[in-house]
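>>> Requesting a structural model of the entry that follows:
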Amino acid sequence: MENKMNIAYQGTPGSYSEQLLKTIFPDSLYQPCETFSSLIDFASESGNFGLLPVENSIAGTVNEAYEELIESDLSIFGEYIKKIKHSLIALPESSLELISNVISHPQALQQCSKYLQKNNFKITPVFDTAGSVYEVLRTNDNTTAAIAGEHFDSDDRFKILEKNISNDSENFTRFLFIGLQPPNISLINNKFSSVLISDDRPGSLLKSLNIFNDLNINLTKLESRPILGRPWEYKFYIDYELSDSNLQNELIERIDLVSKEFKILGHYPKANQE
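Numbers count the residues shown, from 1 in each chain. As a prediction, this is how the structure comes out:
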């Protein structure tokens with residue numbers, strides 16, 4: 001037991017995060033957390049790690065998770081992409097005609113918004129997809145259904161009313177594996193995540209981005225976000241592919257000359273999509 005990794009995830013047993021952990025780290029210990037903040041706190045303890053969902057192909061960036069990571073001292077050591085297959089789940093005695101209310105994590109509700117609007121369901125956000133299923137069980141309410149993974153099909157306490165209800169069948173979530181120290185795993189790191197705060201001078205952002213172009217570095221993510229407490233000032237999430245440490249050093253040196261801050265969040269292996 002002492003050699004097993006302790007990995008936190010946001011949600012309850014049966015969540016997509018736990019399902020992914022069972023696939024990639026089957027011999028580890030899993031710690032469910034209700035919030036991203038508690039996940040970050042757990043992963044910030046020496047020897048612990050966390051699995052953090054940061055982006056969805058339909059709903060976009062999970063800003064709360066990203067911001068918690070940026071404010072922490074944690075680093076990214078890996079990324080994983082999981083295909084999400086949302087289902088509408090209710091009690092065995094229920095039916096689609098009886099359902100008037102649907103509960104789930106806000107991200108899941110957003111990813112299934114077209115289906116929910118088509119059926120005129122009332123929606124209620126809760127902190128977790130799997131937790132929403134157990135909430136239906138707890139309340140014993142045949143008029144409420146949950147949105148969660150189709151793996152609940154094997155649990156005879158529930159019935160799947162409809163499968164594949166996402167706005168688009170190509171629904172993927174990107175997770176980051178985070179911690180204070182690198183795990184004892186052989187890795188080939190070829191991707192960086194960073195946060196850039198451009199200088200107040202005109203053309204600062206363009207100058208920074210031109211450096212990536214000059215060095216022939218491929219950007220995989222560029223997104224602006226407001227800086228809290230500093231109205232009309234922005235930071236930029238930037239992911240890019242790079243394995244050459246010398247080129248990385250040159251990149252940092254040149255960007256530091258034209259920007260206010262350039263923070264590296266991690267250097268890790270690029271994920272393969274399921």
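
>>> hang on, residue 138 is in a strand, isn't it?
No - Residue 138 sits outside any strand when classified using DSSP: H, G, I helix; E, B strand; the rest coil, being helix.

>>> and it, how far is that from residue 127?
Per CB to CB, to the nearest Å, residue 138 is found 14 Å from residue 127. In short, each C-beta sits where N, CA and C put it, glycine included.

>>> cool, and residue 61?
From residue 61 across to residue 127, the span is 19 Å (CB to CB).

>>> Now do the buried residues in stretch 148-164.
Of the residues in stretch 148-164, 148-149, 152, 158-161 count as buried by neighbour count, 16 or more other CB atoms under 10 Å.

>>> What of stretch 197-213?
Judged by neighbour count using 16+ other CB under 10 Å, the buried positions of stretch 197-213 are 197-198, 204-205, 207-209, 211-212.

>>> among these, which are in strands?
197-198 (DSSP state E).

>>> Next, format the buried residues of stretch 197-213 as CSV and append distance to residue 97 and pLDDT.
Shown next, in CSV, are the buried residues of stretch 197-213 (distance: CB to CB, whole Å; pLDDT from 0 to 100):
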residue, distance to residue 97, pLDDT
197, 53, 94
198, 54, 87
204, 58, 85
205, 53, 90
207, 60, 94
208, 56, 94
209, 54, 95
211, 59, 97
212, 54, 97
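
>>> Residue 243: which of the buried residues of stretch 197-213 is nearest?
Nearest to residue 243 among the buried residues of stretch 197-213, counting by CB to CB, is residue 212 at 15.0 Å.

>>> so residue 223 is in which element?
Taking DSSP states H and E as the criterion, residue 223 maps to strand 218-226.

>>> pLDDT (mean, whole number) over that strand?
For strand 218-226, mean pLDDT is 95.

>>> Distance-wise, check the spatially most central residue of the chain relative to residue 60.
Note on the chain: the residue nearest the mean C-alpha position is residue 53, at 1.4 Å, using CA atoms, centre = their mean. For residue 53, the distance to residue 60 equals 12 Å [CB to CB].
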